[in-house]
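just need the structure, nothing else, for what follows:
(2 chains)
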Amino acid sequence: DSGVTQTPKHLITATGQRVTLRCSPRSGDLSVYWYQQSLDQGLQFLIQYYNGEERAKGNILERFSAQQFPDLHSELNLSSLELGDSALYFCASSERVNTGELFFGEGSRLTVL
Amino acid sequence: ELKVEQNPLFLSMQEGKNYTIYCNYSTTSDRLYWYRQDPGKSLESLFVLLSNGAVKQEGRLMASLDTKARLSTLHITAAVHDLSATYFCAVDMENTNAGKSTFGDGTTLTVKP
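Model prediction:
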């Protein structure tokens, strides 16, 4: 158990819909990262927050957004969903602002039908 | 942009054999990580390599880092079935305050009896 909690574990929805994925980092970790893993594109970095502020942005679509709240949990919002958004979404946390060892949650498996 | 290349991408081994997975990266960095992922599961941190010449060992796995060659290796000794998984290396960019680990594409290892 990494100490990172993600919900929901599985999510099935339809195209055009909006979903929210939630992540609680390990106790004491201020950095939260979101990654998308799909068969065709591998593990893609989406976005990083550190202590409530956005610190780095990767290949995140404009339809996606994220935030980190004062209690350090984070949410990833995915809207206008397309079939290609079906993937495993991981949250990871670390102590440092500049990455360090990442501790991954179990992931949220999103299926868009 | 930092690029991380792993090879091979797929590896099928017989139990008891030795093999090495290679991780090359394109820019200077002194922080490299190895992660393991079982199918459909989360990523688990295996090794953290923080300096040139660093070597870490855990059971049948040994990781090393050569920052001058921009190369890390993950050596498997006397493979057993339980080592079947996908192994990722990840590299942090040097001298950055907002970091993200860049992951390789992963090496899927299958150990056969």
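
what is B:K112 paired to in the beta sheet?
Under DSSP bridges, the beta-bridge partners of B:K112 are B:Q14.

roughly how far does it sit from B:M62?
According to C-beta to C-beta, to the nearest Å, B:K112 stands 22 Å off from B:M62. The C-beta positions use only the backbone N, C-alpha and C, and glycine is treated the same way.

neighbour-wise, which of these two wins?
Neighbour count, other C-beta atoms under 10 Å in any protein chain shown: between B:K112 and B:M62, B:M62 has more, with 16 against 11.

can you tell me the SS state at the residue nearest to that one when sequence neighbours are not counted?
Closest residue to B:M62 in three dimensions, ignoring its sequence neighbours and counting by C-beta to C-beta, 6 or more residues apart in numbering or on different chains: B:H75, at 4.6 Å. State at B:H75, reduced to three classes by DSSP: H, G, I helix; E, B strand; the rest coil: strand.

residue contacts, B:H75?
Going by C-beta atoms under 8 Å, 6 or more residues apart in numbering or on different chains, B:H75 touches B:18-21, B:61-64.

any idea which of these is closest to B:S45?
Set against B:S45, the nearest of the contacts of B:H75 by C-beta to C-beta is B:A63 (11.4 Å).

which parts of the helix or strand the closest one falls within are buried?
Following DSSP states H and E, one finds B:A63 within strand B:61-66. Residues of strand B:61-66 classed as buried: B:61-65 (neighbour count, 16 or more other C-beta atoms under 10 Å in any protein chain shown).

and the lowest-mean-pLDDT helix or strand in chain B, anywhere near chain A?
Lowest by mean pLDDT, DSSP states H and E among the helices and strands of chain B is strand B:102-103, with a mean of 88. Yes. Using C-beta under 8 Å from any C-beta of the partner chain, strand B:102-103 reaches chain A at B:102-103.

repeat for stretch B:84-95
Yes. Contact of stretch B:84-95 with chain A (C-beta under 8 Å from any C-beta) involves B:88, B:90, B:92.

what's the answer for stretch B:40-55, then?
Yes. If you take C-beta under 8 Å from any C-beta as the test, stretch B:40-55 does meet chain A, through B:40-45, B:48.

do a quick rundown of the strands in chain A.
Remark: strands assigned in chain A by DSSP state E are A:5-7, A:10-13, A:19-24, A:31-38, A:42-50, A:53-57, A:64-68, A:74-78, A:87-94, A:103-104, A:108-112.

okay but A:F45 is in contact with A:G58, surely?
Yes. A:F45 lies in contact with A:G58 (C-beta atoms under 8 Å); the separation is 3.6 Å.

grab the nearest non-local neighbour of B:A63.
Spatial nearest neighbour of B:A63, chain neighbours left out: B:F47 (4.2 Å); criterion: C-beta to C-beta, 6+ apart.

ok, that neighbour - how many residues close by?
B:F47 has 23 neighbouring residues, counting by other C-beta under 10 Å.

B:L2 versus that one, what's the distance?
In terms of C-beta to C-beta, B:F47 sits 19 Å off from B:L2.

and B:T110, by the same measure?
Taking C-beta to C-beta, one finds B:T110 at 29 Å from B:L2.
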